[in-house]
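In: Sequence and computational prediction follow.
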Amino acid sequence: MKLLFPRGFGFQLAILSVVCFLFPLSLCAVDVIPVTSKSTTVLVQEVQDLLASGLFKEAAGHLQEILVRLESLTDAESVSARASCLYQLGECQLRSADFSGATESFKKFITEFPRDEQVPAARFMVLESLARQNDRIQMEAWLTELRNSGAFDGLMQFLSDKNNAAFRRNSVLALMTGYAEQGDLGNLRLFLPFSDEQGLADAGFNVALMEGGDRAFEAGDYPRAITLFRMVRFKGELVPVYKKQVAQLEEELAKPLPWVPLKEQARQREDWQAEQTRLEGLTQTLQFFNENGYDQELMVRMAQSYDAMKRYRIALAVYRQVYTEFPEHRLAEQSRASAFQSLMALNAQEEALVAGREYMERYPQGRFEDEVAVSLMQLYLSRSELPASAELGQRLLAALPNRRLADQITYLLGITSLQQQNWKEASSLFANVMTKWPQSDFVQDADYWSGMCRIFEGRFAAAVAIFKNYLNNKTYDPARFRAECTYRLGVAQYGAEDFVGAESTLKEFLVLYFESPLVSEAYSMLGDLRGSDGDLDLALTMYQKAIETATDVDQDSYAVFQSARAYELQQRYAETITLVKAYMARQGTKAQLAEAALWIGKSCKAQGDHRQALEIYLKTLTDFGNNPSVNGVDQVMVQLLEDLKDRPADEISFATAHLTAGVESARQKNERPLELRFVALLARIAGQDGRERYMATLRNETNLDLFSPLPLILLAEDSLVRGDVEMPERIAEKFKARFSESELLIDLYNLEAAACLSAKKYDRTIALTDEIIARFDTDPRVGLSRKLQADAFRLSGNLTKAVETYQKIFSTRAGLGSLAPETLYWIGVCKRDQGEIEKAFAFFQRVYVLYKSHPEWAAKAYEASIDCLQKLGRTAEVVQTWKEMVETPSIRNTPEGLRAAEALRRVNEG
Amino acid sequence: MKGLRTIGIVIFAAVSSAFSATNKVSSASVSPEVTLRQVLGLMDQNRMNEAFALLETVPKSENNGLPLQNYLFARRSYERGEYTTALQYLAQVTTSFDRNSEWLPAALFLEGMVYRKNGQAEAVTYVAKELVLGWPESDWSRRAEELK
């Protein structure tokens, strides 16, 4: 900093300034005589002492008095001294934290002494004073003023002057720190080039950057926050700078003090002490970096900024870095919890599950245990992993019943029970939420779902009471479920057979909540009410409104298919076809294609037009079939095959021709999944004997991802027939992963079980079929699963269990087909092998008496019953049975029939 | 891909044109950094197959790789439509906390492109703002407009 050396007072003041800022001196006694009573010479001497002692506030008082005395003097020396005094006053005010005074003094200096050499420095000092006041507006105004007056470049030149380096370090740093705190990136960058590495590594500056980032974050200005956080130096960058300073200072302090005159020794000691204090400060700062998780704090702030900007993958990476690099740090726990929440936001369910469970295991009773648990429960619920959700919630509440989020956990347990269809348990849990935590945010939710539980239970009167109570509850303000409860009240009244009440409530709902997403459902309910009264035209009008106001495919589907039912009653088949076709066009792959195609097919058939039904199926298949995952297409395929059963040959030829053309077209368009669907249909239509020419296409496709369910089933069947028992298991794995909702899933399971049986893996077969039976229970195809299980028992020698299992097949009587005679036959075999010949005979006899239409089993049963009769010594009946076999046309030409004829011939021959 | 051309294309184009006969340059004879810059040049010229093949030849360095390498992996994933993987690589550029990394704004821009592809408008806006705030008066600041 250049100083003026005016004569007289000015000269003394100039010396004084050098002394006071470079050599902090001992405290001078401040007497009690008012400054106004002292001579100017005394004042100047005292100012020198005060400044040397660091008593800037007192020095400022003296300088102000000196300025008053110089004010009226106009000689050059006095003016020069006044200029120097005024500048020094500004500095004293700045150092005594009188920032507004400093601003005023420096500005006055600039105005009164515009040609003074110190003016560029003074301009900078104004900025520094304003920065210290955090007066961003005034700083902006000052910089604008400088720019407008053309003084800004001068200021920049002043800062660029290497002679001003020492001056710059403090002031630029102060200014930058001010800008950093305010998050003012523009001005910060303006002064950044004037700071050296030591300034950039200054702890105060870096903390100010963090504070600026925090302020921007709080204000929702996340890009600014992250930009500021990224400017903060990490510990690894700061520590070497501080260590270097410490080393230099230690070296200086270790040197013996040079000789000085006696009168300066006190000052020398104090200087040494001051440097020692600075060393301690630097050491403490180093310690701060090493102990206070500075880097971790910074990284978590950055991650939180990314999180707030919904840049979850980046946030996740930073959180992971914190807890992997600093696993024992206190922020590791928070970072793990936050990483889990980022994964939840990304809907990366598998990763989230791992992260959530890891948190719970690593930090039992951790600070974020409740939050993580609640999110984990929600995740389990969304994945229908209900036992896991229940276990977690119950475990946490058992460990600490009144935990922080106990209300929310109890509520989620209620939702879990609701999804498990355990209505009573759910109701009880919702009641708990309402009674134990009446102030909870979840009380209204619990109340609403209590009512829903009653509806699900069929306790409609109770549901009506709950919904009415909700609607009349004045403490619910705002009542968040008012619209839903009104609608559900109508539903409950309908269930309670209060049709008048239901209609009135639903109409009221439509008036009050015409923007609710439930409007479509209300119209459908009104349609149902009118329809049940036989007023089909009005019902159709209501369904039409329901279609128009539907907000999702389910609402649309319900109204469309209810309309179709009404049309069917009115025998308006053409309208049904138009309605359903429009629905399919509207919803595309989201439509319930199977039911839609079924309705069209039914309507076409009702009009006697089987061909059109077939065309509709084929068109649906062509339009949507190239996506292997559209479940409804498979159901259409099944329906198509069903409809072709027992149809005339020309219709089957028509279908075959269309499907063959479809194969060619799909091949040309490279629509491989569609091609495989067509080929699978052709193979099915061709039957066991004719399918071979189609199977090559399926076998040659190695990418199983292109297969939809039916082609996969065919491939599995084919593999089984060809003795490849590994392939069905591989297909099953793929199928279960991709088509868990498919109607054909149970068929695939059965094929897998059959493959296990063929591979003589009896235990696996039994386990697998147990799984099928538990999962599909009421599906008639479970009959085959039971049969396979019984076969496994039989083949593994457990005949008692085999018989027991075979008998269970008859618990489902409908649709057993050939399974019935086959089951009876195998029971007979078991009985025979157990030595119960009479009983075995009875079972065999039942087969050919009751199931002659299944000659493959009747023939086997005939032969087995002859075996029994022979064992029982009933020879006459043996001959009679052979005769019966030979005389029965369907048995005569079977291998068993031919053997019977041969045996009879031998008897006749004597 | 035009949208992702990087600023250094002119320099890299010269290098990469020398590389056009891929097999003639042995990646063992040059440092990974040079090879990676060749990859970048090829990508900027939309010669993706060559770029990907060359990228494969560079072994992944320790500590999660060089920022440039991760940036290039991210671009490869982006080109293949593997957006989650792209973000994972970009996160590695970000978390390298390399103060002077010239790849940070490039990575940020690519991150914005990923969000744009994914229809995450809010994240795109934030990334664009960050580019403007972090690299004012630069080409990246101007290109932030392309994201919107």
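Out: Happy to help now that I have it.
In: For chain B, what lies in contact range of chain A?
Out: B:84, B:87-88, B:90-92, B:94-95, B:97, B:99, B:111, B:115, B:120, B:122-123, B:126-127, B:129-130, B:132-134, B:136 (CB under 8 Å from any CB of the partner chain). Bear in mind the C-beta positions are built from the backbone N, C-alpha and C, glycine included.
In: Tell me which of those residues fall in helices.
Out: B:84, B:87-88, B:90-92, B:94, B:111, B:115, B:122-123, B:126-127, B:129-130, B:132-134 (DSSP state H).
In: Any idea which residue of the stretch 151-300 of chain A lies closest to chain B?
Out: Chain B sits closest to A:Pro223 of the stretch 151-300 of chain A, with a gap of 3.8 Å, by CB to the nearest CB.
In: how much space between A:Ser417 and chain B?
Out: A:Ser417 sits 35 Å away from chain B, going by CB to the nearest CB, to the nearest Å.
In: Name the helix or strand for that residue, please.
Out: Per DSSP states H and E, A:Ser417 falls inside helix A:406-419.
In: Need the contact partners of that helix.
Out: A:370, A:373-374, A:377-378, A:380-381, A:384, A:386, A:389-390, A:393-394, A:396-397, A:400, A:403, A:423, A:425-427, A:429-430, A:432-433, A:436-437, A:440-442, A:445-446, A:449, A:452-453, A:456 (CB atoms under 8 Å, 6 or more residues apart in numbering or on different chains).
In: Ok, stretch A:308-323 next?
Out: Stretch A:308-323 is contacted from outside by A:217, A:220, A:222-223, A:226, A:296, A:299-300, A:302-304, A:306-307, A:329, A:331-333, A:335-336, A:338-339, A:342-343, A:345-346, B:84, B:87-88, B:90-92, B:94-95, B:111, B:115, B:120, B:122-123, B:126-127, using CB under 8 Å, 6+ apart.
In: what about A:Thr697, how many neighbours?
Out: Neighbour count of A:Thr697, defined by other CB atoms under 10 Å in any protein chain shown: 18.
In: tell me the contacts of it?
Out: Taking CB under 8 Å, 6+ apart, we find A:Thr697 in contact with A:675-676, A:679.
In: What of A:Arg480?
Out: Contact partners of A:Arg480, counting by CB under 8 Å, 6+ apart, are A:444-445.
In: longest single helix anywhere in chain A?
Out: Max-length helix for chain A by DSSP H is helix A:262-291.
In: hmm, that one in reach of chain B?
Out: No. No part of helix A:262-291 sits near chain B under the criterion CB under 8 Å from any CB; the closest distance found is 15.8 Å.
In: Quick check: buried residues in that helix?
Out: A:267, A:270-271, A:279, A:282, A:285-286, A:289 (16 or more other CB atoms under 10 Å in any protein chain shown).
In: just stretch A:418-429 next, same as before
Out: For stretch A:418-429, using 16+ other CB under 10 Å, the buried residues are A:418, A:422-423, A:425-427, A:429.
In: Now for the residues you listed: which two are most distant?
Out: Spatially, the most separated pair among those is A:Trp423 and A:Leu429, at 10.8 Å (CB to CB).
In: low-scoring pLDDT stretches of chain A, where are they?
Out: Within chain A, the ranges that satisfy pLDDT under 70 run A:1-33, A:134, A:136, A:164-168, A:170, A:812-815.
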